[in-house]
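**Student:** Need coordinates for the below:
(2 chains)
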Amino acid sequence: MAAPVKLKPADAAAAGQPLLSVRNLTTQIATETGTVQAVRGISWDIYPGEILGIVGESGSGKSVSVSSLLKLHPSPPVTISGGPITFEGQNLLELSERRFRRIRGRQIAMIFQDPMTSFNPVKTIGNQISEAIRVHNRRISRRAARARAIELLGMVGVPRPMARYKQFPHEYSGGMRQRAMIAMAMANQPKLLIADEPTTALDVTIQAQVLEFLKLAQQETDAALILITHDLGLIAELADRVLVMYAGKIVESAPVRELFRNPRHPYTVSLLESLPRIDVETEHLATIPGSPPNLVYPPPGCAFHPRCFLSHQRERCRTEIPELVDLEVRGHTSACHFSHELDSESAPQEDDDGDTSAVTNGDGGTQHANTSADSEHGQEVDA
Amino acid sequence: MVSLEMVPDSKIEPRPAPGQEVLRVEDLTVHFPVKSTILRRKLGEVSAVDGVSFSIAAGETLGLVGESGCGKSTTALAVLRLVEATDGHIFFNGKDLRTLGKGGLRHQRRNMQIVLQDPFSSLDPRMTVRSIVAEPLKVHHMHKKASDRNEHVNELLQLVGLDPALATRYPHEFSGGQRQRISIARALALDPKLLVLDEPVSSLDVSIQAQVVNLLEELQDRLSLAYLFVAHDLSVVKHICDRVAVMYLGHIVETGTADEVYNSPTHPYTQALLSAVPVPDPEQREHTHRIILKGDVPSPMDPPSGCRFRTRCWKAEERCAIETPELIDRFNHGHPSACHFANLPTPAPTADSTPKGWLG
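**Tutor:** A predicted model of the protein is given here:
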């Protein structure tokens, strides 16, 4: 196979048009206890050939923000508003279901977290891949689709693809199922691949295998890839550019090296410091006090302020919602009123910040639990 | 500072001094029969754990690491006799747990407790926090008066960083991290000497995980607890463990202090495992030498002959299929490894800052 020529993300950006452009996307989910504001007005772009990482903790809206693009949720209870979401010149939100189906699975393909539940258990893996090919291309014969599916299975390293073609999902191991999933996603040469926690269910040595094939698939098809994960390690290994999400909003976005070298949102800083690392010795992990907010009643102002080490009870954090603003480095934006206080490159105080947050948390979980309990009360009062 | 002085003196056993051996496991073997669905005929055996030995001292953390199906959780459960071992010895407080009867076992179980992975299913949803934490105290008749027991529960909740005022609530009202604190409070109620932690932070988000990891470390310092820490996350294990045992298909393939195992792994499996961990540093992207293993873990119903890792090992030769490698110290540095071709890594796969194996 020929060495793939891949545009560097910066070049791609310079080369012009984003492949997919999301503006002011809002997703709400109606539940018994109230309307969850899962995604609260986010805007981002992805360029051809780029790997965009979206990182955040459970409930940050990272998965919903992307799966709502594909209209994968029933409505009601899920309502999507805002927009436009432009993919190759068309607004996805205005497309009819029929036209949408031509894009979903063909131009935009998705790899889900759990390969056990995302395959149909009563059909063979091979059939499901051929079906994915034939649904989008009626002119291809059964035989040709079968040959293509076998070729794809071989490409993602499934051993003896001819025999494996006829097997059912339960006969595959977890790692192999996930690779078959990648094969299926690649089948129609999509322009955009979305991988939602593609290796979270896998063991670390199997994860390494799957990632190799994911990278290969991305290079082979020269597709853009959205990688949704909670694992900052994966982001550091794969992504070109990163969006950090918290409480349904993007709090920071930057090229990957810039983000890890010079994080400029207190949430990102805390997240990186709370990570136990295999490559660095850490005596005491920094913690983020409390727990993420209930998105039925998101905190007023900056959603992170009740847990923030930088806020110092400042009025502005509680009252004014911070917008994503451009920082000095091109492509680096942060949604914090006081992001300049974190600039490690002009004022090397990052270590001090780290220490203070470690010290405030030093004498135990007592404070955190109380804080979080308090903030729960707080929310009830607000409600 | 909170202490556990609420436990009546008559019930308390002397706390072992730090460094004193609390648990010693010798040749632990657990086989599960595989039966046919209808006639229940025995079809074969899964050898989940096969001849595992280790010991833990007070105030020390031993990490058991490995991938799904390697037998790490089964080992942890067998230590507490929550699953019955097929063979071997489990010495706890100097007594072989496998020879104890029901009463004797119950008496010993007071000193060894478990925290499970999923704080959503390991807490009874119909019990309040107070009754969950008080349950072990009732079972072991620790207090005559209910007021004493309540006070003890309050102390335990404070110890794990929860407000005692929340004791009347139910588990569903708490977040994942708080629930794990409740599980820890329950495990500490009887003032145990050994805590088995089976993936205690795996289901938690990073920011919450750090809170629980720090709590576990503080409790260990304060109470000189011995921890058997079972986890698949190698970064967490490195952070929290003093010593590490790496398992593969029911065997320990390498063991040593965390520093030795992480900085100079000698078994090919350990080397591959460590190299596969994604490092949260984009600058290291080009410098990591990732070892990608072929294929999947073989079925423990039919493990490979000789060395169990040989089917995925790039070093395997004929000898590996015939002769099972022993877990012995091959480089005279107190860090045994079960591979005929064990070597010190040439390029340290994880960190540039660490010395690259002091023999190489």
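**Student:** Name the nearest residue to B:F341, sequence neighbours excluded.
**Tutor:** B:K315 (4.7 Å; CB to CB, 6 or more residues apart in numbering or on different chains). The way it works is simple: take the backbone N, C-alpha and C, and place the C-beta from them, glycine included.
**Student:** Kindly report the same for B:H143.
**Tutor:** Nearest residue to B:H143, sequence neighbours excluded (CB to CB, 6+ apart): B:R149, at 4.2 Å.
**Student:** Relative to chain A, how far out is the residue nearest to B:F341?
**Tutor:** Distance, B:K315 to chain A, by CB to the nearest CB, to the nearest Å: 16 Å.
**Student:** same question, B:F91
**Tutor:** B:F91 sits 31 Å away from chain A, going by CB to the nearest CB.
**Student:** Give me the contacts around stretch A:213-226.
**Tutor:** Where contact means CB atoms under 8 Å, 6 or more residues apart in numbering or on different chains, the residues beyond stretch A:213-226 that reach it are A:1, A:4, A:6, A:19-20, A:46-52, A:54, A:66, A:111, A:155-157, A:179, A:182, A:185-186, A:189-195, A:198, A:238.
**Student:** related to what we said a few turns ago, do I have it right that the residue nearest to B:H143 meets B:L137?
**Tutor:** Yes - with contact defined as CB atoms under 8 Å, B:R149 counts as touching B:L137 (5.5 Å).
**Student:** For these two, list the residues in contact with both.
**Tutor:** Counting by CB under 8 Å, 6+ apart, the residues touching both B:R149 and B:L137 are B:H143.
**Student:** any idea which element A:M110 lies in?
**Tutor:** Element membership for A:M110, per DSSP states H and E: strand A:108-111.
**Student:** picking up where we left off before, point out the ones among the contacts of stretch A:213-226 that are inside helices.
**Tutor:** A:66, A:155, A:179, A:182, A:185-186, A:238 (DSSP state H).
**Student:** Would you quantify the distance from the residue positioned nearest the centre of chain A to chain B?
**Tutor:** The C-alpha lying nearest the average C-alpha coordinate of chain A belongs to A:I228 (CA atoms, centre = their mean; 2.3 Å). Look at A:I228 and chain B: by CB to the nearest CB, they are 15 Å apart.
**Student:** same question, A:R143
**Tutor:** A:R143 is 30 Å from chain B, by CB to the nearest CB.
**Student:** What helix or strand is that residue located in?
**Tutor:** Using DSSP H and E, A:R143 maps to helix A:142-155.
**Student:** Only the buried residues of that helix, if you could.
**Tutor:** Within helix A:142-155, the residues scored as buried using 16 or more other CB atoms under 10 Å in any protein chain shown are A:145-146, A:148-150, A:152-155.
**Student:** For the next helix or strand after that helix, buried residues please.
**Tutor:** Sequence-wise, the next helix or strand downstream of helix A:142-155 (DSSP H and E) is helix A:161-165. Neighbour counts over helix A:161-165 (16+ other CB under 10 Å) mark A:161, A:164-165 as buried.
**Student:** got the residues of the stretch 51-200 of chain A near chain B?
**Tutor:** Counting by CB under 8 Å from any CB of the partner chain, the residues of the stretch 51-200 of chain A close to chain B are A:57-58, A:159, A:173, A:175-176.
**Student:** Between which two of these is the distance greatest?
**Tutor:** The largest separation in those, counting by CB to CB, is between A:E57 and A:P159 at 36.6 Å.
**Student:** Those two: which has the busier surroundings?
**Tutor:** A:E57 (21 against 12; other CB atoms under 10 Å in any protein chain shown).
**Student:** quick one, phi psi at A:P299?
**Tutor:** Per-residue torsions, A:P299: phi -60, psi 150 (degrees, to the nearest 10).
**Student:** Tell me where the stretch 101-250 of chain B has strands.
**Tutor:** B:112-115, B:194-198, B:226-231, B:243-248 (DSSP state E, counting those that start in this stretch).
**Student:** List of residues touching the next helix or strand after the last one?
**Tutor:** To tie it back to what came earlier, the one meant is strand B:243-248. Under the assignment DSSP H and E, the closest C-terminal helix or strand after strand B:243-248 is strand B:251-257. With contact meaning CB under 8 Å, 6+ apart, strand B:251-257 is reached by B:50-54, B:242-247, B:261, B:265-267, B:269-270, B:308-309, B:327, B:334-339.
**Student:** Closest residue of the stretch 201-350 of chain A to chain B?
**Tutor:** Nearest residue of the stretch 201-350 of chain A to chain B, counting by CB to the nearest CB: A:G233, 3.0 Å away.
**Student:** Which pLDDT value belongs to that residue?
**Tutor:** You'll see A:G233 listed with a pLDDT of 90.
**Student:** what do you get for B:Q180?
**Tutor:** With respect to pLDDT, B:Q180 has a value of 91.
**Student:** mind checking how far it is from A:E50?
**Tutor:** The spacing between B:Q180 and A:E50, counted by CB to CB, to the nearest Å, is 38 Å.
**Student:** can you check A:R101 too?
**Tutor:** Distance of A:R101 to A:E50, computed by CB to CB: 25 Å.
**Student:** tell me how far the ends of stretch B:189-199 are from each other?
**Tutor:** When the termini of stretch B:189-199 are compared using CA to CA, to the nearest Å, they are 20 Å apart.
**Student:** Residue 105: neighbour count?
**Tutor:** Picking chain A for this. A:G105 sits with 18 neighbouring residues when counted by other CB under 10 Å.
**Student:** if you could check chain B rather than the one you did, that'd help
**Tutor:** Using other CB under 10 Å, B:L105 has 15 other residues around it.
**Student:** Pull out the buried residues from the contacts of strand B:251-257.
**Tutor:** Applying 16+ other CB under 10 Å to the contacts of strand B:251-257 flags B:50-52, B:54, B:242-247, B:261, B:265-267, B:269-270, B:308-309, B:327, B:335-339 as buried.
**Student:** mind listing which of those residues are in helices?
**Tutor:** Judged by DSSP H, the buried ones among the contacts of strand B:251-257 include B:261, B:269-270 as members of helices.
**Student:** Quick one: those as a markdown table, columns for distance to A:S253 and pLDDT too.
**Tutor:** Below are these laid out as a markdown table (distance: CB to CB, whole Å; pLDDT from 0 to 100):
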| residue | distance to A:S253 | pLDDT |
| --- | --- | --- |
| B:V261 | 38 | 92 |
| B:Y269 | 39 | 93 |
| B:T270 | 37 | 93 |
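**Student:** and of those, the nearest to chain A?
**Tutor:** Ranked by distance to chain A (CB to the nearest CB), those are led by B:Y269 at 8.5 Å.
**Student:** I'd guessed the closest one sits against B:R310; true?
**Tutor:** No - under the criterion of CB under 8 Å, B:Y269 makes no contact with B:R310, lying 10.3 Å away.
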